[in-house]
Each structure stands twice: as structure tokens, then as C-alpha cells.
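Participant: Dropping the sequence and predicted coords here.
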Amino acid sequence: MRLRWPLFILIGLSLASGSVFAEPSRLVTADGAITEIVYRLGQESRLVGVDTTSGYPEQTAELPKVGYLRALPFEGVLALKPDMLITSEQAAPARNLERLARAGVRVAQLPSRWTAEAALERILSVGELLGAAEEAQALVAGVEADIRRIQQNTGNRDYQPRILFILAAGNHSVMLAGSDTAANALVELIGAENAAQGIKGYKPANREAILASRPDAVVIAESTPGQFDIAGWPEVERLEAWQSGHRLVADSMFLLGFGPRLPEAMAALNDALPGQREIAANDP
């Protein structure tokens, strides 16, 4: 993988690697993957608050929650007296980020792209912001090696498997993951094909589309544990892949965060697949 220099945006000013500024002593993170990186770099003692997408590792439960990534409150963040907020391009509303910057909080936004390269670059960027560049380089080396090893293993298949990816999100909504999603990117990272053809983005689950998908494996990403109730989705339960045990139900942030646990997410998807083309009964 070819990595570029770490890149991040400090609200009101674009910065690249090599910029000099004081390292933060009171840090708020608003993005689960970024929070995970802070812990993996051993910098968690700086954290004074996280957003609600930050549920891993379990120590995050002890920290104040400042709200949801896409609806960050100005007062809720400022009340923790941070000197830096590290978040992603998904953070909103922009006016609150700008107000925080005017109030003296350094607001760093990192790109949100669903590639292995972007996941590694994000680690380097967080390390740069926290003065932990060496730790970030070491973490990147390990994560990159794991990604390469998994992709080498998946390259030995004698067929291209199809994965039906379902997102069980808030308010008990169930969505099919199509193209232009983190789910689709994860599926492609392990050399598989998205079984939800003709769908762009996340769309409400269509029961006919589920039955017609003929996947080799079914993956359910839950925003909270137990959110997906198979009893309410007989179409999923009737799929050959589900009945034969080729299924995975896991935390959505783990699967879709594209953080330091990306190799583990790739391996979990791969483990849900049949080893060879023994489920040819699913073929048209």
C-alpha cells in the first residue's frame, strides 16, 4: 500500500505533516475509529470526552459523552474545556465546529474514506496531532502487515463469493448496504462481491431483494447489540447461507469504522464464508 503524508484540516487552516503546534493535554474525540486510534497509541490519558460512536475499548464507558458525531453540541464539547477536538469529515454541524474554533479549541477534521490506505493514513494523522508519530508508524506497520496477510489468503479462493450486508441501525430500521458504502468497501477488500446489486447507499430492506440476492454469506451490522431480530425477517432466515451457518452478526462500528481493527473485521467477514464452491445450489 502506498501511503501519502498524514493530512488533516484544522478548522480555518489546512495543515500537512511537519506543522508545529503544542500537543493537546485535554482531548475530545468524535469518531469511534479515531478514539480507538488514540487508545492504540497509548494516548488515552489525554481524553476528557468522546462521542456516542466511541464505544471501544470498554474504558470509553468511563468518559463523558459529548453527543453524536453528526450532531455535536457546542456547549457540550466546550464544557469539557478541551484544547483539541479530533473528528472526521462526517462531523456536523459545521457552525458548531467553527464556534469551537473561535472559542480557542483546535478542531482537526480527518478525511473519511473507506480504503485500507485511508485507515492507515488516519493512524498517522492522529499520531502527528498528538506528538506520537513513532508510535503511529509502529501501529501502521502491524496493521498493514495483517491486511496484506488476509488479502493473500482470500486471493486463494477458486470463486468470488457474494455477501449480503445488512445494517440494523437506530429506531429498529433495517437497511441493505449497496455501492458507495463502507460495507461495500469492506466486502471488496476481501475480494468478495456485494449481493445487493443495483442499490446505491443504504436503502430500506426489500424482502424480495433479499430472497433474490442468493448470497454465500449474510452479514448483519448492529448499531446496538441484539438490534436485529431474525424472527421478524423470515426472508433472511430462509436464505441458504443463513441456514448453513454462513453468517456474521457484529457491532457496526467494528465492521464499518475502518479503524485499527480493520484486519479483524476483514478476517471476521472472511470466516463467515464457505471455503470452496460447495454451495452451488445458490447459483441461478
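Facilitator: Happy to help now that I have it. Numbering: from 1, shown residues only.
Participant: only C-alpha atoms for contact and neighbour calcs from this point on.
Facilitator: Will do.
Participant: Which of the helices or strands spans Ile34?
Facilitator: Remark: Ile34 resides in helix 32-40, with elements defined by DSSP states H and E.
Participant: Please pull up the helix or strand immediately following that helix.
Facilitator: Assigned by DSSP H and E, the successor of helix 32-40 is strand 47-50.
Participant: So which residues of the chain form helices?
Facilitator: 32-40, 74-78, 94-102, 116-129, 133-154, 182-189, 207-212, 234-237, 240-243, 252-256, 262-271 (DSSP state H).
Participant: I'd like the C-alpha coordinates of the fourth one written as CSV, please.
Facilitator: Taking C-alpha atoms only, helix 116-129 is exported to CSV below (Å, rounded to 0.1, in the frame of the first residue of the first chain):
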residue,chain,number,x,y,z
ALA,A,116,-7.1,0.3,3.7
GLU,A,117,-4.8,3.2,2.7
ALA,A,118,-7.1,5.8,4.3
ALA,A,119,-7.3,3.7,7.5
LEU,A,120,-3.5,3.7,7.8
GLU,A,121,-3.2,7.4,6.9
ARG,A,122,-5.7,8.2,9.6
ILE,A,123,-3.5,6.5,12.2
LEU,A,124,-0.5,8.5,11.0
SER,A,125,-2.5,11.8,11.2
VAL,A,126,-3.7,11.1,14.8
GLY,A,127,-0.1,10.3,15.7
GLU,A,128,1.1,13.6,14.1
LEU,A,129,-1.5,15.6,16.0
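Participant: report the angle between the axes of it and helix 133-154?
Facilitator: Angle between the axes of helix 116-129 and helix 133-154 is 170 degrees (criterion: axes from the mean of the first three to the mean of the last three Cα atoms, to 10 degrees).
Participant: related to what we said a few turns ago, helices or strands next to the helix holding Ile34 in the packing?
Facilitator: Counting contacts by 3 or more Cα pairs under 8 Å, 6 or more residues apart in numbering; DSSP states H and E, helix 32-40 packs against helix 116-129.
Participant: and the helix it packs on, how far out from the chain's middle?
Facilitator: Relative to the chain's own centre, helix 116-129 is displaced by 13 Å; criterion: Cα atoms, centre = their mean, to the nearest Å.
Participant: can you check stretch 190-203 too?
Facilitator: Computed by Cα atoms, centre = their mean, the chain-centroid distance of stretch 190-203 equals 17 Å.
Participant: For that stretch, measure first residue to last.
Facilitator: 23 Å (Cα to Cα, to the nearest Å).
Participant: Check which residues of it are buried.
Facilitator: 190-196, 202 (16 or more other Cα atoms under 10 Å).
Participant: repeat for stretch 104-116
Facilitator: 105-116.
Participant: Read off the pLDDT value for Ser19.
Facilitator: With respect to pLDDT, Ser19 scores 45.
Participant: ugh, typo on my part, it should be His172
Facilitator: 55.
Participant: Mark out where each domain of the chain begins and ends.
Facilitator: 7-147, 158-282 (automatic domain parsing).
Participant: what is Leu85 paired to in the beta sheet?
Facilitator: Val28, Val107 (DSSP bridges).
Participant: Hmm, it is touching Pro24, no?
Facilitator: No: Leu85 is beyond contact range of Pro24, at 9.2 Å (criterion: Cα atoms under 8 Å).
Participant: neighbour-wise, which of the two wins?
Facilitator: Leu85 (26 against 18; other Cα atoms under 10 Å).
Participant: Report the contact partners of that one.
Facilitator: With contact set as Cα atoms under 8 Å, 6 or more residues apart in numbering, Leu85 has these partners: 27-30, 105-108.
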